[in-house]
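Pasting the sequence and the predicted model now:
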Amino acid sequence: MKFTTLIPMYFNDGSAVPIDRLQAILRELAFQFGGCSDEGNTKGQWIDPADSTLYGDECKRVSVSCDRNMLEEAKETVVRIGSELKQRAMYFEVRDYDGVQILEVPS
């Protein structure tokens, strides 16, 4: 499967997440799931359904391909990252639940 998440570059108070912390998150994802792709920065808005607060976000879009039996671990990891970065919610998208494969190339 392939999951995609958005890693916030700013805390909800507007202060920047330290670049070394963002890099550490990417390394942790790579070691935990066998690799990840930093697909660049993206901007968006989100309205919190609890109180209608509009949040403007700038995030790193990160995709990870892993075995589908890691779905719950992936969700837990994204929630943990969100908690660490003091977020109210985290974007999490799953694609190709049955379709992604890593193919070994013979030498």
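Structure received.

And the strands in this protein?
Counting by DSSP state E, the segments of the chain that form strands are 2-8, 37-47, 54-65, 92-95.

Out of those strands, which is closest to K75?
Minimum separation from K75 across these (C-beta to C-beta) falls at strand 92-95, 6.4 Å. To be clear about C-beta, it is placed using only N, CA and C from the backbone, and glycine gets the same treatment.

and that closest one, C-alpha only, in PDB?
Output of strand 92-95 as PDB, limited to C-alpha atoms (Å, rounded to 0.1, in the frame of the first residue of the first chain):
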ATOM      1  CA  PHE A  92      -3.700  10.600   6.100                       C
ATOM      2  CA  GLU A  93      -4.500   9.000   2.700                       C
ATOM      3  CA  VAL A  94      -4.100   5.400   1.600                       C
ATOM      4  CA  ARG A  95      -3.900   4.300  -2.000                       C
END
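
Give me the packing partners of it, helices and strands only.
Using 3 or more C-beta pairs under 8 Å, 6 or more residues apart in numbering; DSSP states H and E, the elements in contact with strand 92-95 are strand 2-8, helix 71-84.

Apply 10 Å and report the result again.
Judged by 3 or more C-beta pairs under 10 Å, 6 or more residues apart in numbering; DSSP states H and E, strand 92-95 is in contact with strand 2-8, strand 54-65, helix 71-84.
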